[in-house]
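>>> coordinates only, sequence not included:
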Ligand code: F6R
């Protein structure tokens, strides 16, 4: 979603801003803009609807200012037009503002400004902020921003320049991420580390309620009461190459292929063979505390929610503790009962998904204990939870999540193993799961190596307008995730059902033009799954089975994708991999932009 970049130093700011905005393109946006301030205190502001490339071509040839802010916008208030693109400026153009988040009282602020005679030039909430800062009678930019924040409610990451103070950028954060990158005689600003890791790995993640003044020689952080917060930079380990395509055609393909190595990274140092458990120091919960939980509630959105369902099943299977997953986006709106003996688990690749972050906030406000399964180190959710498990999947750029989801599955298995061994999981079963986990990376590789065998299935799927994905118990969240992936990037309508529900309604839709992808693992439901497959075939519905070699499909006219078998609790991790490949290859066959599917953003930072 929206992205912020900023630069202040000795070099012209524009190239840094354009490069940073290009790095943020993967997050999804529909317009872009920059404001560059020169040493004489003159701002050049350029905005365009559409791509960063269009913005770059629209920049004047000589743009030498060394202070600048930039933005990619995902339309919320008003259409994707130049006048709504950021930066937004005050009437005289003195103040320029870029903003991520949503100002809740924007309508009131805008009508008060109109009543006072200010001519508004956009439909946005952000424009009101620029005018309010300009109207402040405070004699410093910091005080003018503080004055304005006192009138504003909502979520924001803000960066502000002022022609009257051309030596600084003032920033503020509440509910939307903002990161300062510390260079040598130059400072960077971004809402996502991807925009600044090429220039520095020393960063400060601003906290909610914090502000900062950034100059070319340093930064000062402070809170809303004007007290210094004295933050020191931390070193981040994201390498610039992790964010490159490195010869792959698409990020999604690269990230799918990275899964064996990412899975290893996720397990490194965490498998304790001696005690047949998982070592999860980041949980910050000791054995006594963990034994005190008699329920687990998992919260995530979209695919993270579906993997949460896989995780809940693992926890019930291995730890015998009641566990379930819920869409984080619904959680706080149904007045959830926060139970002291429930362990809450927030799961998120980006760590910035607003719906999940709000759920975490709601749990903490009401005294619940919440841990995070998060990929992005230092992200909002990672910092707000009581402890957790980092996924160690490395940066994920493609909008459709793959390797992070696989590592979520592995992390849930680690958590389930750890909880299980504190309850009644036997030493032998603990070892069985450890051995299973150790096989996962090479088994993922085996599936990836079969990619070319998907050809005919993909050709057929690409002709469909609609498809079913079906699975039972452990296979159902796999089906949900498979349907989600197909929808997201191939734009083919896909729906997931429990296989057992087919005959209660959806079977009516089965016909030759409606393919069904059935998850049929070797488990105690295999016979029933095969019987359901026969019912689909009897209605001349084409069927693709994602299955194990030992499953006997007789002479059924089924296209099969055979997945190596692991322990039943871990099989869903592997059964999901072919659904990624199916979606990816189908989207490519249909000529879609797999990395940037329409209407979707990588990190959904607004509700
Ligand atoms: C699907 C996908 C989304 C995300 C969801 C949560 O491929 O990527 O459904 O899983 O938006 O995002 P995170 O995990 O960043 O909280």
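Arrived safely. Worth saying up front: this structure is predicted, and the values here are computed from it rather than measured. Numbering: from 1, shown residues only.

>>> what's the closest non-adjacent residue to residue 327?
The shortest distance from residue 327 to any non-neighbouring residue, by CB to CB, 6 or more residues apart in numbering, is to residue 305 (5.1 Å). Glycine gets a C-beta too; all of them are placed from N, C-alpha and C.

>>> any idea how far that neighbour is from residue 330?
As judged by CB to CB, to the nearest Å, residue 305 and residue 330 stand 10 Å apart.

>>> compare those two (neighbour count), which wins?
Using other CB atoms under 10 Å as the criterion, residue 305 and residue 330 rank with residue 305 on top: 24 against 14.

>>> look up which helix or strand the more buried one falls in, please.
helix 302-319 (DSSP states H and E).

>>> which element follows that helix toward the C-terminus?
strand 323-327.

>>> starting at the chain centroid, how far to that following strand?
The chain centre lies 18 Å from the centre of strand 323-327; the measure is CA atoms, centre = their mean, to the nearest Å.

>>> how about stretch 193-201?
18 Å.

>>> and the residue of the stretch 401-550 of the chain closest to the ligand?
Residue nearest to the ligand within the stretch 401-550 of the chain: residue 401 (3.5 Å; CB to the nearest ligand atom).

>>> count the neighbours of that residue for me.
The number of residues packed near residue 401 is 26, by other CB under 10 Å.

>>> and the pLDDT for it?
At residue 401, the model reports a pLDDT of 97.

>>> and the strands in the stretch 501-607 of the chain?
Using DSSP state E, counting those that start in this stretch, the strands of the stretch 501-607 of the chain run over residues 516-520, 543-547, 559-562.

>>> most tightly packed of the ones you listed?
Among these, strand 516-520 has the highest mean neighbour count (mean count of other CB atoms under 10 Å), at a mean of 27.

>>> run the angle between that one and strand 543-547 for me.
Relative orientation of strand 516-520 and strand 543-547, computed by axes from the mean of the first three to the mean of the last three CA atoms, to 10 degrees: 20 degrees.

>>> just to revisit the earlier point, wait, does the helix holding residue 305 contact the ligand?
Yes: part of helix 302-319 sits near the ligand under the criterion CB under 6 Å from any ligand atom, namely 302-304.

>>> mind listing what's buried in that helix?
For helix 302-319, burial by neighbour count (16 or more other CB atoms under 10 Å) applies to 302-319.

>>> helices or strands up against it?
Packing partners of helix 302-319 (3 or more CB pairs under 8 Å, 6 or more residues apart in numbering; DSSP states H and E): strand 295-300, strand 323-327, strand 342-348, helix 403-422, helix 475-490, helix 571-589.

>>> turn these into JSON lines, including mean neighbour count and distance to residue 438.
Formatted as JSON lines, those follow (neighbours: other CB atoms under 10 Å; distance: least, CB to CB, whole Å):
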{"stretch": "strand 295-300", "mean neighbour count": "25", "distance to residue 438": "25"}
{"stretch": "strand 323-327", "mean neighbour count": "20", "distance to residue 438": "24"}
{"stretch": "strand 342-348", "mean neighbour count": "28", "distance to residue 438": "23"}
{"stretch": "helix 403-422", "mean neighbour count": "27", "distance to residue 438": "11"}
{"stretch": "helix 475-490", "mean neighbour count": "26", "distance to residue 438": "21"}
{"stretch": "helix 571-589", "mean neighbour count": "25", "distance to residue 438": "13"}
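
>>> now the longest helix anywhere in the chain, how far from the chain's geometric center?
Longest helix of the chain, by residue count under DSSP state H: helix 427-449. Put simply, helix 427-449 sits 26 Å off its chain's centre (CA atoms, centre = their mean).

>>> which parts of the stretch 251-400 of the chain sit against the ligand?
Checking the stretch 251-400 of the chain against the ligand by CB under 6 Å from any ligand atom, the hits are 301-304, 348-350, 353, 356, 400.

>>> looking at those residues, which one is closest to the ligand?
If you rank these by distance to the ligand using CB to the nearest ligand atom, residue 302 comes first, at 2.1 Å.

>>> residues in contact with the closest one?
Residue 302 is in contact with residue 484, counting by CB atoms under 8 Å, 6 or more residues apart in numbering.

>>> could you rerun that using 10 Å?
Counting by CB atoms under 10 Å, 6 or more residues apart in numbering, residue 302 touches 327-329, 348-349, 353, 355-356, 400-401, 405, 480-481, 484, 488, 600, 604.

>>> report pLDDT for the residue nearest to residue 74 when sequence neighbours are not counted.
Nearest residue to residue 74, sequence neighbours excluded (CB to CB, 6+ apart): residue 1, at 4.4 Å. In this model, residue 1 is scored at 71, pLDDT.

>>> for residue 1, what are its contacts?
The contact partners of residue 1, taken as CB under 10 Å, 6+ apart, are 24, 27-29, 72-74, 76, 100-101, 176, 191-192, 350, 352-354, 600-606.

>>> try it again at 7 Å.
27-28, 74, 601, 603-606 (CB atoms under 7 Å, 6 or more residues apart in numbering).

>>> same question, residue 410
Counting by CB under 7 Å, 6+ apart, residue 410 makes contact with 263, 266-267, 437, 440, 573.

>>> adding distance to residue 136, write the residues you listed out as JSON lines.
Listed next are those as JSON lines, based on distance: CB to CB, whole Å:
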{"residue": "263", "distance to residue 136": "53"}
{"residue": "266", "distance to residue 136": "49"}
{"residue": "267", "distance to residue 136": "53"}
{"residue": "437", "distance to residue 136": "57"}
{"residue": "440", "distance to residue 136": "57"}
{"residue": "573", "distance to residue 136": "54"}
